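*Asks:* Would you be able to build a 3D model of this:
(one chain, ligands or ions: 1)
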Amino acid sequence: MFQIKNKDSLGRTGILKTKNGIVKTPALMPVIHPGKQKINVKKLGAEIVITNAYIIYKNEELREKASLEGVHKLINFDGPIMTDSGSFQLSEYGDIDITNPEVIEFQELIGTDIGTSLDIPTPPNVTRNQAEKELEITIERAQESLKYRNEILLNSVVQGSTFNDLRSYCADELGKLDVELHPIGAVVPLMESYRYTDLVDVVMSSVTHLPDSRPRHLMGAGHPMIFALAVAMGCDLFDSAAYILYAEDDRFLSPSGTYKLENLQEMPCSCEICCKYTPDDLRSMEKKERKLLIAEHNLNISFAEIRIIKQAIADGNLMELVEQRCRAHPRLLEAYRHLANYVDDIEKYDPLYKKSAFFYSGPESLKRAEVYRYLNKLYKMPKKSRLLILSSSRKPYSTYLPEKLGKLYHIGTSTKSGDEDLQIMFVDIPFGLIPLELDEVYPLAQNESPVITDETACEFIKNLIEQVTEDYEEVIIEGNLNEKFDLGLYCEYEFKEELKLKLDEKDKITSVADYQFGKGAGAALFESKLDIVKSKKTGKIRHVYDDAENLIATMRASDGFFVLSKEGARRLHSRMEYPQNRVVVNQDSEPFAREGKSIFAKFVIDCDRNIRASEEVLIVNENDELLAFGKSLLNSAEILDFKVGQAIKTRKGGI
Ligand SMILES: [Zn+2]
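*Replies:* So this is what the prediction gives:
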């Protein structure tokens, strides 16, 4: 029903199948008012729309037409239609005259594609008692609606007001039900009052407890300002009544805010409407006519933003887009900063490799999942006893090693001298300290930051050096770093003989393997005598063979990670303990795996919980016999949760 195509952060592009066609997500669903709709939203790019089943039900004429001809005829839209149940009316007017079974049966009758049970939208900041009571009704009704649904896909709305634990509890409970989509409800008041930080809490405490295989709909989010941030938190669907409500008020939507017609000297974008009319043209029109034109602009720019987000996910620079968008308003920037508190959750979903380089756009970038992941891994890497910290110049560092070292300081003492047991690391923003051996690994090599360092970044480096120093007997630091990062060092150091800096190739391949597959992988893969083959053109390591000319692994030029060969997969499998690096498939799919066919998620029965998307993995059966190896397309939680679509792109079978 739902499949992921591309991933970035918690965001994903996907395909949602309904009986009236597919929807490419993230998607924006324009709200259609039955009987009043004047704008052809399909022409403007809508793949799916949302309308209100309760409004249709309440109006005799509409109800009769919808019952006889179906909701698609009624609102003149032949694609997928989602219907809301009347919960909004319930929250606005306090009472409605339809029951939950009735509204589900009515949605079946009118042939909607995605229907909704009658949840209780509990607003923010009510008493806990109220939130709990209403939540129980919401969950009961979600359960009850399963008895009355026949063909429609079902929405089960996450409620719980502004109590994060109630949102999580609700998500857990609804996740157990056999429903297909999850709106996150009652968030409009938060957005209307710019409480985006609270919105982050509500969304994150819901999303992290919902099944990954179901689309999530941020209900009532129709302003393009919020789309990128919401997608980065894992939202797949949006609905917009905003396009018409803002137009009613002579307001133009844009991803960087809202413009009022009365203040406009120039039209705010380059859509058809903005190219055809001037602000004066619009001001001199009848309100009715003008409203439709502004609404059309509002939809144009909202769909454009969705397209930009989809492209960013495909390119792997969604967070760069989020960082740009969140600078449009201080409350949004605050929310983005707050999102960093969820980095542990986000990191699990962030692919290991992306097509784009990491761009540093300010201190917030230091809190991104890539940095968090790298530092966690760095602390776990095997260590030498002495550390030499150098300032970075050009990347890759190993190609531009300094000929001579300038003034040096040191902390601690060692009986060793020269380069004996000496680890070299480079200081760089945003990843802090990078071992010489990892200087080609994504994204440690593929990033850009301003040469002029901001204060937060300086503080980050200073703290990191202080922290890392504790793990070594002796740390030798370049003099200019002492000044730049205010390290306060005074013990000068000199190597007894002039040190010739160089990269040991065996160290490099071992370190990369340990970094990529876990501690011990380097020894597992590269213990024997080796033949390391380099590219004639670039001089970089390409292939590693054993002394009998069997290929063990290939270092990929784009990201500096290893792709295994059959021999490499065997070596890794024999030495790394179960379940490390493994995806376990069931008996039925074993022959297909052996043939090298890709692995579908429904055949996976277990896997290493540390697997991220874009990771090289071993494919084994229930007895841990190695069948094949390949690249994960999803992370471990997604692999285990999805029942449709590919999980692993197999590189080779027949082992
Ligand atoms: Zn426009």
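*Asks:* Say whether the ion is contacted by the longest helix along the chain.
*Replies:* In the chain, with assignment by DSSP state H, the single longest helix is helix 287-315. Yes: using C-beta under 5 Å from the ion, we find that helix 287-315 touches the ion at H297. In this view, the C-beta of every residue, glycine as well, is placed from N, C-alpha and C.
*Asks:* any idea of the mean pLDDT in that helix?
*Replies:* The average of the pLDDT scores along helix 287-315 is 98.
*Asks:* Over to stretch 102-111?
*Replies:* 97.
*Asks:* any idea how far it is from the chain center?
*Replies:* 35 Å (C-alpha atoms, centre = their mean, to the nearest Å).
*Asks:* CA atoms of it as PDB?
*Replies:* The C-alpha trace of stretch 102-111 is given here as PDB (Å, rounded to 0.1, in the frame of the first residue of the first chain):
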ATOM      1  CA  GLU A 102     -22.500   5.800  10.700                       C
ATOM      2  CA  VAL A 103     -19.700   8.000   9.400                       C
ATOM      3  CA  ILE A 104     -17.500   4.900   8.500                       C
ATOM      4  CA  GLU A 105     -20.500   3.300   6.600                       C
ATOM      5  CA  PHE A 106     -21.300   6.600   4.900                       C
ATOM      6  CA  GLN A 107     -17.700   6.900   3.700                       C
ATOM      7  CA  GLU A 108     -17.900   3.400   2.300                       C
ATOM      8  CA  LEU A 109     -21.200   4.200   0.600                       C
ATOM      9  CA  ILE A 110     -19.900   7.300  -1.200                       C
ATOM     10  CA  GLY A 111     -16.700   5.400  -2.300                       C
END
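*Asks:* Spell out which parts of the chain neighbour the ion.
*Replies:* So far as C-beta under 5 Å from the ion goes, the chain lies against the ion at 269, 271, 274, 297.
*Asks:* for the residues you listed, which one is nearest S67?
*Replies:* For the residues of the chain next to the ion, the residue nearest S67 by C-beta to C-beta is H297; the value is 35.6 Å.
*Asks:* Count the residues that sit near that closest one.
*Replies:* Neighbours of H297 under the rule other C-beta atoms under 10 Å: 26.
*Asks:* Identify the residue nearest it in space, chain neighbours excluded?
*Replies:* I273 (4.4 Å; C-beta to C-beta, 6 or more residues apart in numbering).
*Asks:* So the one you found: helix, strand or coil?
*Replies:* Secondary structure assignment for I273 (DSSP: H, G, I helix; E, B strand; the rest coil): helix.
*Asks:* hang on, it packs against E296?
*Replies:* Yes: with contact defined as C-beta atoms under 8 Å, I273 counts as touching E296 (5.2 Å).
*Asks:* Show the contacting residues for the nearest residue in space to L572 that is not next to it in sequence.
*Replies:* Residue nearest to L572 in three dimensions, not counting chain neighbours: A524, with 5.5 Å by C-beta to C-beta, 6+ apart. Residues in contact with A524 (C-beta atoms under 8 Å, 6 or more residues apart in numbering) are 513, 571-572, 574-576.
*Asks:* Looking at the residues you listed, which two lie furthest apart in space?
*Replies:* Maximum pairwise distance in these, criterion C-beta to C-beta, is 14.2 Å, between A513 and S574.
*Asks:* More neighbours: those two, which one.
*Replies:* Using other C-beta under 10 Å as the criterion, A513 and S574 rank with A513 on top: 28 against 9.
*Asks:* which strands and helices sit next to the helix or strand where the more buried one lies?
*Replies:* Assigned by DSSP states H and E, A513 falls within helix 505-517. Where contact means 3 or more C-beta pairs under 8 Å, 6 or more residues apart in numbering; DSSP states H and E, helix 505-517 is packed against helix 521-526, strand 530-534, strand 541-546, strand 551-555, strand 562-564.
*Asks:* Would you mind giving the ones you listed as JSON lines with distance to M225 added?
*Replies:* Shown next, in JSON lines, are those (distance: least, C-beta to C-beta, whole Å):
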{"stretch": "helix 521-526", "distance to M225": "44"}
{"stretch": "strand 530-534", "distance to M225": "49"}
{"stretch": "strand 541-546", "distance to M225": "46"}
{"stretch": "strand 551-555", "distance to M225": "42"}
{"stretch": "strand 562-564", "distance to M225": "41"}
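*Asks:* who wins for proximity to P34 among those?
*Replies:* Closest approach to P34 among the helices and strands packed on helix 505-517 (C-beta to C-beta): strand 562-564, 54.5 Å.
*Asks:* got the contact list for K73?
*Replies:* K65.
*Asks:* Beyond the helix or strand hosting it, next helix or strand please.
*Replies:* When elements are assigned from DSSP H and E, K73 belongs to helix 71-74. Following helix 71-74 in sequence order, the next helix or strand is strand 81-84 (DSSP H and E).
*Asks:* in the strand or helix carrying N129, what's buried?
*Replies:* Element membership for N129 (DSSP H and E) is helix 128-148. Along helix 128-148, these residues count as buried under the neighbour rule (16 or more other C-beta atoms under 10 Å): 131-132, 134-135, 138-139, 141-143, 145, 148.
*Asks:* can you redo the residues you listed as TSV with pLDDT?
*Replies:* What follows is the buried residues of helix 128-148, written out as TSV (pLDDT from 0 to 100):
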residue	pLDDT
A131	98
E132	98
E134	97
L135	98
T138	97
I139	98
R141	97
A142	98
Q143	98
S145	97
Y148	97
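*Asks:* mind listing what's buried in the one helix or strand in the chain whose mean pLDDT sits lowest?
*Replies:* Least confident helix or strand of the chain, by mean pLDDT, DSSP states H and E, is helix 87-93 with a mean of 79. Buried positions in helix 87-93, judged by neighbour count with 16+ other C-beta under 10 Å: 87-91.
*Asks:* And for stretch 445-454?
*Replies:* Buried-residue list, stretch 445-454, by 16+ other C-beta under 10 Å: 445-447, 449.
*Asks:* now swap in stretch 176-183 and tell me
*Replies:* Here stretch 176-183 shows 177, 179-183 as buried, counting by 16+ other C-beta under 10 Å.
*Asks:* Likewise for stretch 574-587?
*Replies:* 576, 579-585.
*Asks:* Of these, which pair is most distant in space?
*Replies:* Maximum distance among those (C-beta to C-beta): 17.8 Å, for M576 and V585.
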